[in-house]
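Asker: Have a look; sequence and predicted model below, questions after that.
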Amino acid sequence: MAGSAEVASLEESFRKFAIYGDTKATGQEMNGKNWAKLCKDCKVTDGKSVTSTDVDIVFSKVKGKTARVINYEEFKKALEELAPKRFKDKSKEEAYEAICQLVAGKEPVNVGVTKAKNVGAVERLTDTSKYTGSHKERFDESGKGKGKSGRENIVDTSGYVSAYKNAGTYDAKVKK
């Protein structure tokens, strides 16, 4: 049978895949979706001798009749079921050892996770230094938004038209 270090890493892989995608999971039981993900990520399914259908059938075989999940012991039984299918040229024990080595130490892979990146158009559209008109008033010189004060119409009671460049100079001209 497998060494104690390999058994520990196999159990660790089971726990990592068991909690994958489920915030309430304890790591003691694995559902069918995570079992299929484990088989796919650890290259147990090869598309020829072991397919996703085989994986689902083995899961149904080892779980209890009314259960929706498998525990670690049932997980090992499921690997034993799949081992001879995956490694046809080896004996049952050698095949089980080989399939345990495939799974041991692995963890779920996040495939297709979208990473946000600024592409030319996004960079141009979010550059506040290029804003004009009323939109320009919503940001300070550093490009940080002013919040509500940038959106509200603040009443100017100075008597000058807004943005008049000589505002406040009338008194100086009249006193001459």
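Answerer: Received the coordinates, thanks. Everything numeric in this text was worked out from a predicted model, so none of it was measured. Numbering: from 1, shown residues only.
Asker: which residues of this structure fall in helices?
Answerer: For the chain, the helices defined by DSSP state H occupy 4-19, 32-41, 52-62, 72-86, 92-103, 120-125, 133-136, 148-151, 170-174.
Asker: And the contacts of the first one?
Answerer: For helix 4-19, the external contacting residues (Cβ atoms under 8 Å, 6 or more residues apart in numbering) are 2, 25-30, 34-35, 37-38, 41-42, 72, 75-76, 100-101, 103-108. In this view, the C-beta of every residue, glycine as well, is placed from N, C-alpha and C.
Asker: For residue 68, give its distance to residue 155.
Answerer: Per Cβ to Cβ, to the nearest Å, residue 68 is found 64 Å from residue 155.
Asker: the more surrounded of these two?
Answerer: Remark: of residue 68 and residue 155, residue 68 carries more neighbours, 9 against 5, as counted by other Cβ atoms under 10 Å.
Asker: contacting residues around the more buried one?
Answerer: Taking Cβ under 8 Å, 6+ apart, we find residue 68 in contact with 31, 32.
Asker: run the last query once more with 10 Å
Answerer: 29, 31, 32 (Cβ atoms under 10 Å, 6 or more residues apart in numbering).
Asker: for the nearest residue to the second one once chain neighbours are set aside, what are its contacts?
Answerer: If you skip the residues right next to it in sequence, residue 31 has residue 69 as its closest partner in space, 5.2 Å away by Cβ to Cβ, 6 or more residues apart in numbering. Residue 69 makes contact with 18, 25, 28, 29, 30, 31, 32, 34, 35, 59, 63, according to Cβ under 10 Å, 6+ apart.
Asker: Drop anything exposed from these.
Answerer: Listed as buried from the contacts of residue 69 are 18, 25, 29, 30, 31, 34, 35, 59, 63; burial here means 16 or more other Cβ atoms under 10 Å.
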